[in-house]
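Trainee: Curious how this folds, go ahead:
(4 chains, ligands or ions: 2)
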Amino acid sequence: MRRTRFAVLVFPGTNCEGDVLHAIRTVIRQDAELVWHKEGSLDGFDAAVVPGGFAHGDYLRAGSLARFSPVMTPLAEMAASGRAVVGICNGFQILQEAGLLPGAMLRNRSLTYVCRDVWLRAEDRSSPLTAALDEGEVLRIPVGHAEGNFHVSDAALAALEDRGQVLFRYCDAAGRASGAANPNGSRNHIAGVRNERGNVAALMPHPDRAYEPALGGTDGVRLFESLARWNAS
Amino acid sequence: MTTAAPPKSARTVSGAVARGYEGPGAGLEAALESGLTREEYERIVERLGRSPRSLELGLFGAMWSEHCSYKSSRLHLARFPTESPRVLEGPGENAGAVAIGEGLAAVFKVESHNHPTYIEPYQGAATGVGGILRDVFTMGARPVALMNSLRFGPLTDPKNRALLTGAVAGIANYGNSMGIPTVGGEVAFEACYAKNPLVNAFALGIAPADRIFRARAERAGDPVFCVGAKTGRDGIHGASMASAEFGEDAEAKRPTVQVGDPFLEKLLLEACLELMRGDALAAVQDMGAAGLTCSTAETAARGGLGIEMELDLVPRRERGMTGYELMLSESQERMLLVVRTGFEDEVRRVFTKWDLDAVPIGGVTDDGLLRVRQSGLSVAAVPCRILTDDAPAYDRPAETPGWWPEPEVAASDLPEPVDWNEAVLCLAGSPGLASRRWVYEQYDHMVRSDTLARPGADAGVVRIKGKRLALAMSLDGNSRYTARDPRRGGTLAVCDGFRNLAAVGALPVGATNCLNFGNPEKPRVMWRFRNVVEGMREALEAFSVPITGGNVSFYNETEGEGVFPTPVVGMVGILEDAGTLVVQHFRAAGDLLFLAGAPPGDTMGASEYLKVFHRRTDGRPPRPDLDAELRLAGFLRKAARRGLSRSAKDISEGGLLQALVESVFAPDGARCGAAIDLELSSSPLAALFGEAPARALVSVRRRDADALARVAERAEVALARVGIVGGEDLNVRINGARAIRLGGDALWDAFGHGLARAVQGTP
Amino acid sequence: MSGGTSVFGVRVLVRLRPSVYDPQGETIRRALDAVPGLEAEAVRQGKMFELEVRAADAAEARARAETIARRALANPVLEDFTVEGP
Amino acid sequence: MSGGTSVFGVRVLVRLRPSVYDPQGETIRRALDAVPGLEAEAVRQGKMFELEVRAADAAEARARAETIARRALANPVLEDFTVEGP
Ligand SMILES: Nc1ncnc2c1ncn2[C@@H]1O[C@H](COP(=O)(O)OP(=O)(O)O)[C@@H](O)[C@H]1O
Ligand SMILES: [Mg+2]
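Mentor: Ligands and ions are numbered 1, 2, ... in the order given. Model (predicted):
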C-alpha cells in the first residue's frame, strides 16, 4: 500500500511542526514534509496538518493573520477536494479563521495560558482525527493554549451538535464532561470539531505531545492511527 | 566591497579625531551625570590622552557601568572554578558551552531582569526571557529549555500579587510564543523583595560541539550588519539604571519600557540558526545592555580589531534619534553580525525569507578603534579595548556586620505543634512550599515533545530526539540561608542543585549563576558577596563542577532597603541514557521507601518551619557537608543507572515531610500515598521539618531492597527503611504511635491549591 | 509615487457581539467591584486600531479602513466593528 | 435603591504611548501589506473599554470612568487613555 504523504504547514511563528513531523514518521510511519507558508501549491500531498504554535505571534487574534498566506489557497482546495486537512491547537484557530471550520476562539476563561493534561471523550468517528477511535473512548492528552475557549452562536451550536460535528469534549477521567474538567470555558465543553463533510477536523489538545511513554502519555497515538486509517480508506 | 566601506575622506577625518578632536570636550560634570566617578573620568582622560567628546562619554558611562563592566565583582568571580575537560566555552562569551557527548554541546546561562520587572512586571520579565534566549542562540545553539527564578514580596500585599502575576504572564507569553518549554525554576517570597523583585531567567540550547559561534571579529574588512528589530528610544540608560539604587527619583530615571516582541525574536532565531548552518558568519553578538555600543566594542576587542560604522544606516523606528540614543538604545530583538566578505547576499537572502531587516552599518577595521560616524561626521573614535578591558576593577571594602555570627536555632528550643496534621497542611499549603503549578501551568512545558521530567520535579529533564542522552537542569538558591550565613548559603545553593540533579540520576557537567545583591559600595553588602562567592566556590570545587558563565545584579535596593543576598545556581547535568531517568513521585503500592543520608541533627535555623510557624527568618542555616553530598549523589546515580530506584526525591526546604507530600502527586494527576514508620531518639520537629542537607528519599520494588542496600553501603551512605508506598493517604507513625494521618484530598487541597489561593488573595 | 494622495487617520473599534461572553471585561468588572468608588455596572473590553491609510480623499480612506476591518481586524463569528473618521 | 441615579455608558480608549513600540500593530501592518487592497501606512493597536457606570449625572459618570481608567484600565508606564461620552 502506498504511504500517505502529509504536508505539515509552517507559518512564521509556528513551533510544533517538528513534533507533528516526528509523530507521523515514527508512530504511523507515513511520509511527512514541512511546507513553508509562502508555497502556492500542495501538489503531491494526500493530506495536510496545520500544527500548533503562534503563527504571526498570534497578534491580532490567534491564527488570524495566517489566513493571508499563499499556502491557504491550495489548502482550501485540498479541503474542497475531500482530502484530509487537520489542525492542532493554533492549527485549529487558523482553520477557523480561514472559514474551513466553524466557530472562533475566545481567551481562556482563566485569562491565562493553560498547559497540563486534560481528559477527552471521543464523540464522533467520521473524521481523520477519530476514525480509529471507539465512540465514547476517553483519552488523556495535554493542552497548551491561551485562546481555546470555543465559541459559536446558539443556532450554530445546535446545528453542530445535530450533525455530529463535535469530535471531542473535555471530561474527567471517567468520561464525564463538566465545567471542572473544561480548561478554558468552551461551549458544551467542545475540544475538537469537524466540518460537515468530515474531512476537515481539528482539536485544541496536543496529540503530538503524547505519543511515547517517556513523554508521560501515549493516548495521542490513537489520533495518529486515525489519520493513517482515514487516509488508507 | 559593501556599503559598509566608508568614503576615503571620512577615514581621514576620523583618523584626525582619534588623535585630537574638534568640537567641545565633555567635562567632569557630564561624566558624573552619566554615572561615572571623578576617578573614572580621570582614568578615561588618561587612557585616551585627551578629554572624551560627549558621545564618547556616553559610551564610557554605559560600558564602565557596573552592569556592563562587573567592576565590583570581577576580582571575586575570578575565584570560581571554570575549567573541566568538557568546557568548550567558559565565562566571557554570551553563554557557556559544555560538551555533553554524542557530538553535542549544551549552551546555557542565567541572567537577571530585576530592575525592568519592578518598573513593568509583564514586559520586564518577558524581555528577560528574550535576552537570555538571544545569549544562547547567538552561540549557534537551538534553545530547548527555559527555567526561571522568581522572588517577590509577600502575597498578602495585593501589589506583590500583581507584580508576580504580571511577571509570570510575561515570562509565559515570551517563552510560549518562542516554542521553548519552561521545565523548572523556583519561586520564593520575602519582605525584602517587595520593592526589589528578582527575576532571573535561564536558557539552555543544543549546538554541534564543533560549531559554536563566538562574538569575536576575525578579519578587517568584513562588513558588520545590524539585524532584527529596528532601533527605537526604548531602554536607553538600561545599563546605568541597573547600576544604581532606586531612590525617590526612580520615576525620572526610568527609561522607556521595552516592549517584547517574541514573534520577531522567533523569526530572528530561525534566521540566525539557518545562517549559522553555512559559512557566512564570522561573529555574532546580541544587542543587550548598552546595545550597539557594547556589541560592537566587545566583538571588536575580543578579536583585537576595530569597528567603524555610520549611524545613518542603522534602521530605526523613530525620527530624529541622536547619536547617543542610537548607540545606547536597548531596543529588544536585535543582533550584530560580522559577515565574512562575499557572503553579504546570503545574509540578505536568509533574512528576507524570514521578513527581517539585515542592514550593513559598517565594517571591521584593523586599528582597534570604535569609530562612529553620523551623517559623515566623526562623532566618536575610541580604542575598543579601553571601553572593555580597561574598565576599572574595584576591590571594594568589606565589613563583617556586628550581629555575626548568627546563633543556631535548635528544635529542642521550639514548642511542638499542637496538631501535627494541621502543621503539615499549613506548611505544605504555604506560599513558600505549595506546588508551583499556578506558575508552571502558565508556561508551556511540553512543546518540542522532549520533556521527560516536567516542572514539579527536582530537576527538569529534556531528551534530544535521535540521541540516547538527556539533559537535566535545576535552578536553586535559598536567600534566607545566605542572609543569615552567606558562606553556608552559597555552599548550600550549589549543594541543592547538585543533589537535585543526582535525584533524577544525572551527572552535573556545568553550572551558571546569578548573584543578586544590594549596593556593593556598602561594605556589609560586599562582605556578604565575598562570602557567598567563597561558599559557592568551595562546593563547586569539591564537586568538580565548573562555572561557565553567569550574571551579577547589584543595587537591588530601593530607598536604602536591600534584598537578601540571593545567589541563584543553575546546574546542568547529563543522563547518558535517557531511559534511566528517575521520577520523583511514588509509583506503586508495595514499593519500599528508604531515607538516605545521615540523621538530621537538631537545627531549625532559617527553615520554612520557623518562618511559617514563628514568623522568623533568623537562625543559622544547616551546616553543609560536601563529602556527604558527594557520597549521596554517587549513590543516587548508581541506583538510577542500575534501574533500582522507582522514585527519588531530595530533601530540602520543608524537610522530610514536605518531600513526602511532593512525592504523593504525579504530574498526570495520579496519587500514591505512603505509610511511614520513624524511630526517633530526638525531637520529631527536626526529623520531620528540619532542612539538613545531603538527604534523599528513594523508593524501590521490594525485591530490589537488598541491592539498594548494597549500593548504599558501597557508597558509604546511611540508608534507613522508613516506610511502604501505597494508598492515597500519608500516614506517619513516630516510635510506634500514630502522629500524622492525612487524606490525599486534604493534602492536595493544601499543596495543590495553596499558591493559587495566595495569589488570588483568598487563602 | 503617490500622485494626489494623502495619509488619513482612521479609527476602527472592534467589540465582541453582545451575545458573546467577555471573560476579560467580566474579570475587570469583578476586580473593580472590590474597590470602593470604582464600581461599574458592566465592562466590555474591545480593541481599537488606529490606522494611517493613504488615499485620494477621506471617503476613500474610510472605505479602505472598512475593508481592512471586515477582512482582517474583526472576526464575524465573535465581533462587530465600527469605523470612525477620518 | 439608587435614588436619583441612572446608568451611563462611557467609553475608555487606551493606547500605547507614542514612544512605545507596538509590535502587534506593526506585525498586523506587515501582514496586511502583502494583501492587495489592505495596505496601511501605520497600524497601532489599543484597547477599548465600554463601561456602564451608575451616577447622578453625566459629569459624575465621566469622572468615575476617568478614575477607573487611571487606576485600573491603563498602565501608566506604557499607556495613555482618553474618555469619551457619556
Ligand atoms: N518559576 C518557576 N518556573 C517553573 N517551574 C518552577 C518555578 N518555580 C518552581 N518550579 C518548579 O516547582 C518545583 C518546586 O520548586 P522548588 O521548591 O524550588 O524545588 P526544589 O527545592 O526541588 O529545587 C520544582 O520542580 C521547580 O522546577
Ligand atoms: Mg529539590
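
Trainee: Which secondary structure element is home to the closest residue to residue B:416 other than its chain neighbours?
Mentor: Setting aside the residues directly before and after it, residue B:416 is nearest to residue B:685 in space (C-beta to C-beta, 6 or more residues apart in numbering or on different chains), at 6.1 Å. Placement of C-beta: from N, CA and C, glycine included. With the criterion set as DSSP states H and E, the secondary-structure element containing residue B:685 is helix B:684-689.

Trainee: Likewise for residue A:76?
Mentor: Taking DSSP H and E as the definition, one finds residue A:76 inside helix A:72-80.

Trainee: outside of whichever helix or strand comes after that helix, which residues touch it?
Mentor: On the C-terminal side of helix A:72-80, the closest following helix or strand by DSSP H and E is strand A:84-88. Defining contact as C-beta atoms under 8 Å, 6 or more residues apart in numbering or on different chains, one finds that strand A:84-88 is touched by A:16, A:20, A:46-52, A:75, A:78-79, A:93-95, A:100-101, A:128-129, A:199-203, A:206-208, A:227, A:230-231.

Trainee: can you tell if the next helix or strand after strand A:84-88 touches chain D?
Mentor: In the C-terminal direction, the helix or strand that comes right after strand A:84-88 (DSSP H and E) is helix A:90-97. No: for a cut-off given as C-beta under 8 Å from any C-beta of the partner chain, helix A:90-97 has no contacts with chain D; the smallest distance is 12.1 Å.

Trainee: where do the strands sit along the chain?
Mentor: Chain wasn't specified; assuming chain A. The residue ranges that make up the strands of chain A, judged by DSSP state E, are A:5-10, A:31-36, A:47-50, A:84-88, A:104-106, A:114-122, A:138-145, A:149-151, A:166-171, A:190-194, A:200-203.

Trainee: you looked at the wrong chain, it should be chain C
Mentor: So, for chain C - with DSSP E - the strands run C:6-16, C:42-55, C:79-84.

Trainee: Within its sheet, name the partner strands of the second one and how each one runs.
Mentor: Counting by DSSP bridges, the strands paired with strand C:42-55 are strand C:6-16 (antiparallel), strand D:42-55 (antiparallel).

Trainee: Looking at that strand now, give me its mean pLDDT.
Mentor: Per-residue pLDDT over strand C:42-55 has a mean of 97.

Trainee: rewinding a little: possible to save the strands of chain A as TSV with mean pLDDT?
Mentor: Conversion of the strands of chain A to TSV gives the following (pLDDT from 0 to 100):
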stretch	mean pLDDT
strand A:5-10	98
strand A:31-36	98
strand A:47-50	98
strand A:84-88	98
strand A:104-106	96
strand A:114-122	98
strand A:138-145	98
strand A:149-151	97
strand A:166-171	98
strand A:190-194	98
strand A:200-203	98
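
Trainee: CSV please, covering the ones you listed and showing mean neighbour count.
Mentor: As requested, the strands of chain A are arranged in CSV below (neighbours: other C-beta atoms under 10 Å in any protein chain shown):
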stretch, mean neighbour count
strand A:5-10, 24
strand A:31-36, 16
strand A:47-50, 27
strand A:84-88, 28
strand A:104-106, 25
strand A:114-122, 23
strand A:138-145, 24
strand A:149-151, 25
strand A:166-171, 25
strand A:190-194, 28
strand A:200-203, 28
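
Trainee: who wins for proximity to residue B:569 among the ones you listed?
Mentor: In terms of C-beta to C-beta, the element of those nearest to residue B:569 is strand A:114-122, at 25.7 Å.

Trainee: For the stretch 201-350 of chain B, what lies in contact range of chain D?
Mentor: Contacts of the stretch 201-350 of chain B with chain D, taken as C-beta under 8 Å from any C-beta, map to B:232-234, B:254, B:256-261, B:263-264, B:317-318, B:331.

Trainee: quick one: low-confidence parts of the chain?
Mentor: You didn't pick a chain, so chain A it is. When residues are selected by pLDDT under 70, those of chain A lie in A:1.

Trainee: that's the other chain; I wanted chain B
Mentor: In the predicted model of chain B, residues B:1-25, B:237-255, B:763 satisfy pLDDT under 70.

Trainee: rewinding a little: buried subset of the residues of the stretch 201-350 of chain B next to chain D?
Mentor: In these, burial by neighbour count holds for B:232-234, B:254, B:256-261, B:263-264, B:318, B:331, counting by 16 or more other C-beta atoms under 10 Å in any protein chain shown.

Trainee: Please report phi then psi for whichever residue of the stretch 251-400 of chain B sits closest to ligand 2.
Mentor: Each residue of the stretch 251-400 of chain B has a distance to ligand 2, by C-beta to the ion, and the smallest belongs to residue B:262, at 29.6 Å. Phi and psi for residue B:262, reported as degrees, to the nearest 10, are phi -60, psi -30.

Trainee: ok, now residue B:372?
Mentor: phi -120, psi 130.

Trainee: hmm, back to that, would JSON lines of the strands paired with strand C:42-55 with distance to residue A:32 and mean neighbour count be doable?
Mentor: Converted to JSON lines, the strands paired with strand C:42-55 look like this (distance: least, C-beta to C-beta, whole Å; neighbours: other C-beta atoms under 10 Å in any protein chain shown):
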{"stretch": "strand C:6-16", "distance to residue A:32": "37", "mean neighbour count": "20"}
{"stretch": "strand D:42-55", "distance to residue A:32": "36", "mean neighbour count": "21"}
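
Trainee: what's the closest of those to ligand 2?
Mentor: Set against ligand 2 and scored by C-beta to the ion, the strands paired with strand C:42-55 come closest in strand D:42-55, at 41.2 Å.

Trainee: Pick out whichever of the buried ones among the residues of the stretch 201-350 of chain B next to chain D sits closest to residue B:692.
Mentor: For these, the minimum distance to residue B:692 (C-beta to C-beta) is 41.9 Å, reached by residue B:260.

Trainee: Which residue, other than its chain neighbours, is closest to the closest one?
Mentor: With sequence-adjacent residues excluded and distances taken as C-beta to C-beta, 6+ apart, residue B:260 is closest to residue B:126, at 4.1 Å.

Trainee: Secondary structure element holding residue B:422?
Mentor: Taking DSSP H and E as the criterion, residue B:422 maps to helix B:420-428.

Trainee: Tell me the helices and strands packed up against the following helix or strand past that helix.
Mentor: Where DSSP H and E defines the elements, the next helix or strand beyond helix B:420-428 is helix B:437-440. Other helices and strands packing on helix B:437-440, by 3 or more C-beta pairs under 8 Å, 6 or more residues apart in numbering or on different chains; DSSP states H and E, are strand B:182-189, helix B:744-760.

Trainee: 6 Å instead?
Mentor: Judged by 3 or more C-beta pairs under 6 Å, 6 or more residues apart in numbering or on different chains; DSSP states H and E, helix B:437-440 is in contact with helix B:744-760.

Trainee: And the helix it packs on, what does it pack against?
Mentor: The contact analysis (3+ C-beta pairs under 6 Å, 6+ apart) places helix B:744-760 against helix B:420-428, helix B:437-440.

Trainee: Export only the CA atoms of it, formatted as CSV.
Mentor: C-alpha atoms of helix B:744-760 as CSV (Å, rounded to 0.1, in the frame of the first residue of the first chain):
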residue,chain,number,x,y,z
GLY,B,744,-5.0,12.6,49.7
ASP,B,745,-7.8,15.1,49.1
ALA,B,746,-6.9,17.3,52.1
LEU,B,747,-3.2,17.2,51.1
TRP,B,748,-4.0,18.1,47.5
ASP,B,749,-6.3,20.9,48.6
ALA,B,750,-3.5,22.4,50.6
PHE,B,751,-0.4,21.6,48.4
GLY,B,752,-2.1,21.8,45.0
HIS,B,753,-4.1,25.0,45.5
GLY,B,754,-2.2,26.9,48.2
LEU,B,755,-0.3,29.1,45.8
ALA,B,756,-3.3,29.9,43.6
ARG,B,757,-5.3,30.9,46.7
ALA,B,758,-2.5,33.1,48.0
VAL,B,759,-2.1,34.8,44.5
GLN,B,760,-5.8,35.4,44.4
